[in-house]
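Peer 1: Fold the following, please.
(chains A, B and C)
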Amino acid sequence: MMHNLTIAEQIKGLKNRDFSSLELTQHYLNRIDDSKLNAFISVTSEQAITQAKLADSILAKGNATSLTGIPYAHKDIFCTKGVKTSAGSKMLDSFISPYDATLSEKLNSQNMVMLGKTNMDEFAMGSSNENSYYGPVKNPWDTKKVPGGSSGGSAAAVASHISPFATGTDTGGSIRQPASLCGITGLKPTYGRISRYGMIAYASSLDQAGPMTRTAEDSAIILNAMAGFDTKDSTSANKLVPDYTKNLSKSLKGLKIGLPKEYFSEGLDKGVEKVVMKAINDYESMGAEIIEVSLPNSIHAIPAYYIVAPCECSSNLSRFDGVRYGYRCDDPKDLNDLYLRSRSEGFGDEVKRRIMIGAYALSAGYYDAYYLKAQKVRQLISEDFKKVFKEVDVVMGPVSPTAAFDLGSVKDPVSMYLADIYTLSVNLAGLPGMSIPAGFSDNLPVGLQLIGDHWSEELLLNTAHQFQLKTDWHHLSPVD
Amino acid sequence: MTWETVIGLEIHSQLKTKSKIFSGASTAFGATANTQACAVDLGYPGVLPVLNQEAVKMALSFGLSVNATINKNSIFARKNYFYPDLPKGYQISQFEIPIVGNGVIDISLENGENKLVGITRAHLEEDAGKSIHDMYDEFTAIDLNRAGTPLLEIVSEPDMSSAKEAVAYAKKIHALVQYIDICDGNMQEGSFRCDANVSVRKHGDKLGTRAELKNINSFKFLEKAINLEVERQIDILEEGGSVVQETRLYDSIKNETRSMRSKEEANDYRYFPDPDLLPVAVSEELLLEIKKSLPELPTEKKLRFVEQLGLSSYDAEILTSQKEVADYFEAVINKGADAKLSANWVMGELSAALNKNQVEINDSPIPSNELFVLISRITDNTISGKIAKDVFKLMWEGNGSVDEIIEKQGLKQMTDSSALESIIDDIISNNLDQVKQYKDGNSKLLGFFVGQVMKATQGKANPKQVNQILNEKLS
Amino acid sequence: MSLDNNKVKEIAFLARLSIEDSELEQSTKELNNILGLMDQLGEIDTGGAEPMAHPLEMSQRLRDDQVTEKDLSEEFQEIAPKTGSNHFLVPTVIE
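Peer 2: Numbers count the residues shown, from 1 in each chain, chains lettered A, B, ... in the order given. So this is what the prediction gives:
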């Protein structure tokens, strides 16, 4: 079946005319139609079919790029011209973006086929996808479970083979954690690797887009298309983009893998720990050297992150005021009424909570104790990694302390935040990180986290690919 | 004991860039509402700012012109507040580390003395849009064309102690930003806006509570608004009350200031570094390049006028206080006109005519080359200074060029000495009484004879020559 | 540091959010729980660490001063909730 093919295989299929982009697209659209996971906020069938036909004509003429005609699902946080871009919020339920994000443009320029926009936690704030105005996404391995978040729709779509790949964004783990909970491969690149222009900002100094695919090889193929300098984003790095597929087959003999002892502490579920340790053993048997390291400040990542991100988001989300676009309350009686009701009715609870925390932490008298202090801790966390990467090439550990949990089971925000412990440091330090399928605990997928030094995506992808050559976890699927 | 006034100014100077500070939208004034506000200016979801290099260079030009410290890594910060003409809910500004740090500027006071005024800082920021309150009954209309226009906010030390000093300082900054060509200085269009922080205290006391005066769009109003505010504060304090720290709006029609409650409600701006922008690095090379490209500054020009042209310090100050005036004056003398004479003409006849008719020097009906010709006709003895004033008037009214007027009206000076001698002989023989009195020692009567000669020649005689011949004939 | 209901209302207004009185208790409790987490920062010895505002050690790139944007006001006005004569409209603001 076409939907079981990897992107690498689909590229060959299109090239060899085994199937057309239209057939492939129609096949996925049918599967989306049949899916009950709530993975999509919008399905853009008509546009997809038009794009697929165009892709086929380009393929026929022979001037296609390798990705021409490949369908994908786009996280609904990326602006797409003429298509609703909601960021999972009632605030933007009516927002038809008048412009394309740079990433949207880049994928369009290869004549890829957008199937639709995926569900997500509102403004990417959440770890379970339960904070979406459009309702929660279900985990394809067990529909009573969460898919993770915030890129839960993207993860569920890829895991259930209703899209060959999806875009995601990761501010504190939003690519890696749902990838882990849904059993797919997710890559959060180095901060600055992929343009943030047109990606609706949650926390600007942490947000980074990345590919969510089934295999590391597919991630490399897609990262080639996503990465690159953008003059419209001041934080985008003017740095050459290598061909990420080039070094996938390098041997891992002599690779130094660091295991931070803080990542294997008491909060870690035994079943998850077992899977992670087994994967580490696999690496050792592939010739890698395992070294225990310490990231002493990583335990402070939660308070640091939950200051920095809310501070930035409280400011980033001020633009949603009911004046120029988006939700506006009925009959505002004065300006403050317009602001207060538009924002209170337009935002969900978690978003409001984070805005409040941020406004408080930045307010007069508290700035030094919270924001500034968090920035110092951020420095310490970053320095920990600098030290460790002098000793080792890759750091490995769990992505999430548990496998997917029951929908509706975590009601307390603080408990939800605590589950982000292993992913946050990577964003604070701006490093690249991956989650790759490493096994199962109680029939639920568990991911292994790979963390590299800045700009080491090639090495991470190579490390992940070699593992996938030796294991089958990434090929296991909840669907036929 | 008398009250002492303490004034500091915050000047918002719109920088003359083509495009906005963080977007590629045009900054041109006067376009249809919202047609120059792009997605970035409107604060659309997902958009990002990219800094305009010209704005940075202009800020540096200013910093170098006031001998300020330049911060090699300045930081953009967000100033958070809600207002409908502030699209993102925050203004991108600079807070802890502005691009321009401490500097100083020399101002000339009315009594001829100079005073140094400290500049605390100058930082880059984006302008907000405009709220129009009188277009609809039930709505305020928002035009975001101005949103994102680059501003340099120049903050002075509280070094001014009278409204007049504040005006002198504001005028000096106004001249400077035009000299270095970073701002068009148009106060009516809001390109150059002054806010004044005013407080009063008894001599020797610590600083009093200040009020910030806004909405001042001319130097005249600046002076009025400050004086009003000083009076208001003194009245309050003398009645035993206390001044409230607040923002007050100046109303030029009612000539009063009133409290702006709306701006006071939420003044916790929650500044923090803008994560969408990185530190602005200023290299030595860039500073050097800007230093080289700076034009001669007013103080340097003034010094040159005194030292090289022999002008008085007072004249040099007036001529350099406005860039356009200095440019005009230099255009006249660069063609070869006598400097002192040119200075007198520019500050005298020309400025009087400009003032009287409310014309800017750049729009003068007498261009600099014509004034040069006129002055040359005085120095080459074609006409006298007195006739020149008549020629000036005719030129102003559009009766042709200097030479055409002299020719048409037959105003050329008599230079034929024999003709002049015969006229003088006639006058002497017709006024023998006066000749006698003169010879008896009433030397004042020389003026009478000169007057008679001028009358007879309709002013065309060369006064020097007349004096000379009269002296010979009457001795 | 712990928040009371009044402070929570104050912060909510600063962020232009309204909280129903019926939700106030619950909000205050939740925010205090989160603050409890944040307050762990106070116990960390950060020594002489420089605050890190940004993960990249880069400086700001500068754009050429060129007008590159077209007038798209028609599209922008089209999706705005309330407009008139090419302006965005809000309830009358009293200065």
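Peer 1: so what's the residue of the stretch 251-400 of chain B found nearest chain C up against?
Peer 2: Nearest to chain C in the stretch 251-400 of chain B, going by C-beta to the nearest C-beta, is residue B:281, at a distance of 3.8 Å. C-betas here are computed from N, CA, C, even on glycine. With contacts defined as C-beta atoms under 8 Å, 6 or more residues apart in numbering or on different chains, residue B:281 is in contact with B:72-73, C:59-60.
Peer 1: tell me which of these is nearest to residue A:455?
Peer 2: The nearest member of those to residue A:455, counting by C-beta to C-beta, is residue C:59 at 17.7 Å.
Peer 1: quick one: secondary structure of that closest one?
Peer 2: coil (DSSP: H, G, I helix; E, B strand; the rest coil).
Peer 1: Who is the spatially closest residue to it that is not a sequence neighbour paired with across the strands?
Peer 2: Spatially, and ignoring its direct neighbours in sequence, residue C:59 is nearest to residue B:281 (3.8 Å; C-beta to C-beta, 6 or more residues apart in numbering or on different chains). Beta bridges link residue B:281 to residue B:73, judged by DSSP bridges.
Peer 1: Which pLDDT value belongs to residue B:281?
Peer 2: Looking at residue B:281, its pLDDT reads 97.
Peer 1: what separates it from chain A, distance-wise?
Peer 2: From residue B:281 across to chain A, the span is 13 Å (C-beta to the nearest C-beta, to the nearest Å).
Peer 1: residue closest to the middle of chain A?
Peer 2: residue A:175 (2.3 Å; C-alpha atoms, centre = their mean).
Peer 1: returning to what we had before: among the contacts of residue B:281, name the buried ones.
Peer 2: The neighbour count (16 or more other C-beta atoms under 10 Å in any protein chain shown) marks residue C:60 as buried among the contacts of residue B:281.
Peer 1: Let me know the closest of the contacts of residue B:281 to chain A.
Peer 2: For the contacts of residue B:281, the nearest to chain A is residue C:60 (6.0 Å; C-beta to the nearest C-beta).
Peer 1: residues contacting that closest one?
Peer 2: Contacts of residue C:60 (C-beta under 8 Å, 6+ apart): A:234, B:51, B:76, B:277-281.
Peer 1: next one: residue A:6
Peer 2: Residue A:6 touches A:164, A:213-215, A:217-218, counting by C-beta under 8 Å, 6+ apart.
Peer 1: just checking, what's the longest strand in chain C?
Peer 2: strand C:87-91 (DSSP state E).
Peer 1: Show me what that one is packed against.
Peer 2: Here strand C:87-91 touches helix A:335-346, strand B:139-143, going by 3 or more C-beta pairs under 8 Å, 6 or more residues apart in numbering or on different chains; DSSP states H and E.
Peer 1: Let me see the mean pLDDT of that strand.
Peer 2: Strand C:87-91 comes out at a mean pLDDT of 98.
Peer 1: and that strand, which strands flank it?
Peer 2: strand B:139-143 (antiparallel), strand C:83-84 (antiparallel).
Peer 1: ok now the longest helix out of those in chain C, how far from the chain's centre?
Peer 2: When chain C is scanned for its longest helix (criterion: DSSP state H), the result is helix C:21-38. What separates the centre of helix C:21-38 from the centre of its chain is 19 Å, taken as C-alpha atoms, centre = their mean, to the nearest Å.
Peer 1: how about the next helix or strand along the chain from it against chain B, any contact?
Peer 2: Tracing the chain past helix C:21-38, the next element assigned as helix or strand by DSSP states H and E is strand C:62-63. Yes: for strand C:62-63, a contact with chain B is found by C-beta under 8 Å from any C-beta of the partner chain, at C:62-63.
Peer 1: partner strands of strand C:62-63, parallel or antiparallel?
Peer 2: Paired neighbours of strand C:62-63 in the sheet (DSSP bridges): strand B:51-52 (parallel).
Peer 1: contact partners of the partner strand?
Peer 2: Outside strand B:51-52, the residues touching it (C-beta under 8 Å, 6+ apart) are A:234, B:17, B:19-22, B:76, B:150, B:277, B:280, C:60-63, C:65.
Peer 1: Stretch B:427-436 now?
Peer 2: With C-beta under 8 Å, 6+ apart as the criterion, stretch B:427-436 contacts B:445, B:448-449, B:452-453, B:456, B:473-474.
Peer 1: residue ranges with poor pLDDT in chain B?
Peer 2: Where chain B drops to pLDDT under 70, the residues are B:1, B:261-266, B:415.
Peer 1: Write out the residues of chain C neighbouring chain B.
Peer 2: So chain C meets chain B at C:13-14, C:16, C:53-54, C:56, C:58-69, C:71-73, C:76-77, C:82, C:84-95 (C-beta under 8 Å from any C-beta).
Peer 1: List the residues that contact residue B:226.
Peer 2: The contact partners of residue B:226, taken as C-beta under 8 Å, 6+ apart, are B:5, B:7, B:163, B:166, B:196, B:198, B:213.
Peer 1: which pair in those residues spans the largest distance?
Peer 2: Counting by C-beta to C-beta, the most remote pair of the contacts of residue B:226 is B:5 and B:213, 12.7 Å apart.
Peer 1: what domains does the record give for chain B?
Peer 2: According to automatic domain parsing, chain B comprises the domains B:3-288, B:296-409, B:417-474.
Peer 1: Including distance to residue A:280, could these go into TSV?
Peer 2: Shown next, in TSV, are those (distance: least, C-beta to C-beta, whole Å):
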stretch	distance to residue A:280
domain B:3-288	35
domain B:296-409	68
domain B:417-474	108
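Peer 1: Out of these, which is the most enclosed?
Peer 2: domain B:3-288 (a mean of 19; mean count of other C-beta atoms under 10 Å in any protein chain shown).
Peer 1: low-scoring stretches of the chain, by residue?
Peer 2: Reading this off chain A. Short version for chain A, where the test is pLDDT under 70: none.
Peer 1: nope, chain C please
Peer 2: Judged by pLDDT under 70, the stretches of chain C that qualify are C:1, C:95.
Peer 1: Give me the most central residue, it.
Peer 2: residue C:15 (6.4 Å).
Peer 1: so who does that residue touch?
Peer 2: A:314, A:318, A:343, A:355-356, A:358-359.
Peer 1: Can you tell me which of the residues you listed is nearest residue A:431?
Peer 2: For the contacts of residue C:15, the nearest to residue A:431 is residue A:358 (23.5 Å; C-beta to C-beta).
Peer 1: Quickly find the element holding that closest one.
Peer 2: helix A:349-362.
Peer 1: For that helix, buried residues please.
Peer 2: So helix A:349-362, judged by 16+ other C-beta under 10 Å, has buried residues A:350-362.
Peer 1: what do you get for stretch A:4-17?
Peer 2: A:5-11, A:13-14.
Peer 1: Could you tell me the end-to-end distance of stretch A:380-400?
Peer 2: Start and end residues of stretch A:380-400 are separated by 22 Å (C-alpha to C-alpha, to the nearest Å).
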